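Student: Okay, predicted coordinates and the sequence, questions at the end:
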Amino acid sequence: MGIIEFIKQPWPWYVAGPVIGLTVPALLILGNKTFGISSSLRHVCAMCLPANIPFFKYDWKKEIWNLFFVAGIAFGGIVAISLLKNPSPILIHPNLAIELASYGINDFHGLVPSQLFNWGELMSVKGFILMVVGGFLVGFGTRYAGGCTSGHAIMGISNLQWPSLVATCCFMAGGFLMANVILPFILSL
Amino acid sequence: MEMSKEIMNQNTDIQQISEEQDYTLRSTDAVCINESHLHHKWYYNFKYMAVGVLFGIVFVKAEIISWFRIQEMFRFQSFHMYGVIGSAIMVGMVSVWLIKKFNIKTIHGETIEFHDKVFNKGQIYGGLLFGLGWAITGACPGPLFAQIGTGATVIVVTLLSALAGTWIYGYYRDQLPH
């Protein structure tokens, strides 16, 4: 197996996790930047539509580095999918496959299920909840919590901040509730 | 002449105060902030883009941006995401400890700063709301950017909706419990 074929396989957690963890010191050492991603959404608001709201009246130019960082993440997505794409279908847990099949979802190609997330579905009630309401909750919730998985769960806990641990537990609690109780209802719409 | 000088002095006073106020405002409801006091040319920011590219590749290759992997995580059907997040925290924790212990400086010679977060109820209410959104979209904010990069163009709508959510939060912030 050549090196490129080796890299094209899905990477295990014990490779991905430590590399993500190293982002914390990388950003700190490169320029005193604390790791986080959801703040980029706030900076875009401050840049494009501050509307005299106090929460957006700060010097966003100081945080422009964060927008370069998230643009890099999108480029990374392009690089990974065009040069390093895994040719095999994604393996998923058999119980999840059975559950999803009961909602008519049987295409497990790609990272985002194309049967749920596509332009045509956007106008259906289900698609609207999944893409529009879901996105809204992500944007509103992360800012209300003061950070997302990267800011609170990784950066905050790494710096031993107990409010970040509280926030992370709440992320997980919300996720368990949605995935196991509410989402089955949404998917059956 | 005398008067305009006075106004200028006042202006510099205002700027000095606003530098501090600006920091306070920027760090409100945020973990992720620019702690640096240095002013660099804009193209210095490309180094953060390089870190982002690497980060985005890992997101895709380890299937962290996969909706299916997030569903498995919340159903306890796979250890993968717990392994990723757990080992990332371990490495981050050791790194932060080392930086503090050996007082490691930035590449520009600045002291690396850490600030303690103050608890407020937003971390509970907001955290729960974000958790709901995370399990629906299968993505936290980072993966949204990477998913768009992989060609899932419709996720632009999810991202715009997340921007709207952030804006609405800013608009109603003072009325929400904290």
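Tutor: Cool, the structure landed.
Student: Can you tell me the element A:Gly135 falls in?
Tutor: According to DSSP states H and E, A:Gly135 maps onto helix A:134-145.
Student: all helices of chain B, in order?
Tutor: Using DSSP state H, the helices of chain B run over B:2-26, B:46-61, B:67-74, B:80-101, B:122-137, B:141-149, B:155-172.
Student: rank these by mean pLDDT and give me the bottom one.
Tutor: Ranked on mean pLDDT, the bottom entry among these is helix B:2-26, at a mean of 62.
Student: before we move on, the earlier item: got TSV for the helices of chain B, with distance to A:Pro54 and mean neighbour count too?
Tutor: For glycine as for every other residue, the C-beta is placed from the backbone atoms N, C-alpha and C. Formatted as TSV, those follow (distance: least, CB to CB, whole Å; neighbours: other CB atoms under 10 Å in any protein chain shown):
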stretch	distance to A:Pro54	mean neighbour count
helix B:2-26	8	11
helix B:46-61	27	23
helix B:67-74	34	23
helix B:80-101	31	18
helix B:122-137	16	27
helix B:141-149	23	28
helix B:155-172	8	22
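Student: want to throw the ones you listed into TSV with distance to A:Gly17?
Tutor: What follows is those, written out as TSV (distance: least, CB to CB, whole Å):
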stretch	distance to A:Gly17
helix B:2-26	29
helix B:46-61	9
helix B:67-74	13
helix B:80-101	3
helix B:122-137	18
helix B:141-149	14
helix B:155-172	24
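Student: Same list, these, but as CSV with distance to chain A please.
Tutor: CSV is the format used below for the helices of chain B (distance: least, CB to the nearest CB, whole Å):
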stretch, distance to chain A
helix B:2-26, 4
helix B:46-61, 2
helix B:67-74, 3
helix B:80-101, 3
helix B:122-137, 2
helix B:141-149, 2
helix B:155-172, 3
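Student: can you tell which of those helices is closest to A:Ile64?
Tutor: Closest approach to A:Ile64 among the helices of chain B (CB to CB): helix B:46-61, 9.3 Å.
Student: Report the inter-axis angle for the closest one versus helix B:80-101.
Tutor: Using axes from the mean of the first three to the mean of the last three CA atoms, to 10 degrees, the direction of helix B:46-61 lies 150 degrees away from that of helix B:80-101.
Student: Please save the CA atoms from helix B:46-61 in CSV.
Tutor: Presented in CSV, the C-alpha positions along helix B:46-61 are these (Å, rounded to 0.1, in the frame of the first residue of the first chain):
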residue,chain,number,x,y,z
PHE,B,46,-2.2,33.6,6.6
LYS,B,47,-0.5,31.6,9.3
TYR,B,48,-3.8,31.0,10.9
MET,B,49,-5.3,30.0,7.6
ALA,B,50,-2.5,27.4,7.3
VAL,B,51,-3.5,25.9,10.7
GLY,B,52,-7.2,26.0,9.5
VAL,B,53,-6.3,24.0,6.3
LEU,B,54,-4.7,21.3,8.4
PHE,B,55,-7.6,21.3,10.8
GLY,B,56,-10.1,21.1,8.0
ILE,B,57,-8.3,18.1,6.4
VAL,B,58,-8.4,16.3,9.8
PHE,B,59,-12.1,17.1,10.1
VAL,B,60,-12.8,15.4,6.8
LYS,B,61,-10.4,12.5,7.0
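Student: what about that helix, distance to the chain center?
Tutor: Relative to its parent chain, helix B:46-61 has a centroid offset of 15 Å by CA atoms, centre = their mean, to the nearest Å.
Student: And the contacts of that helix?
Tutor: Helix B:46-61 has contacts (CB atoms under 8 Å, 6 or more residues apart in numbering or on different chains) with A:7, A:10-11, A:16, A:19-20, A:23, A:26-27, A:30-31, A:33, A:65-66, A:68-77, A:79-81, A:84, A:86, A:111, B:64-65, B:142-143, B:145-146, B:149-150.
Student: Direction-wise, compare that helix with helix B:141-149 and give the angle.
Tutor: Using the same axes, to 10 degrees: helix B:46-61 against helix B:141-149 is 80 degrees.
Student: List the single closest residue to residue 85 in space, sequence neighbours excluded.
Tutor: Picking chain A for this. In space, and not counting its chain neighbours, A:Lys85 is closest to A:Lys8: 6.8 Å by CB to CB, 6 or more residues apart in numbering or on different chains.
Student: try chain B instead
Tutor: Using CB to CB, 6+ apart, the closest residue to B:Ile85 is A:Ala153 (6.1 Å).
Student: Tell me, how many residues neighbour the one you found?
Tutor: Using other CB atoms under 10 Å in any protein chain shown, A:Ala153 is surrounded by 25 other residues.
Student: which ones are touching the residue nearest the centre of chain B?
Tutor: Closest residue to the average C-alpha location of chain B: B:Cys32 at 4.0 Å, with CA atoms, centre = their mean. Residues near B:Cys32 by CB under 8 Å, 6+ apart: A:Lys33, A:Thr34, A:Phe35, A:Gly36, A:Ile37, A:Ser38, A:Ser39, A:Asn66, A:Gly147, A:Ser150, A:Gly151, A:Met155.
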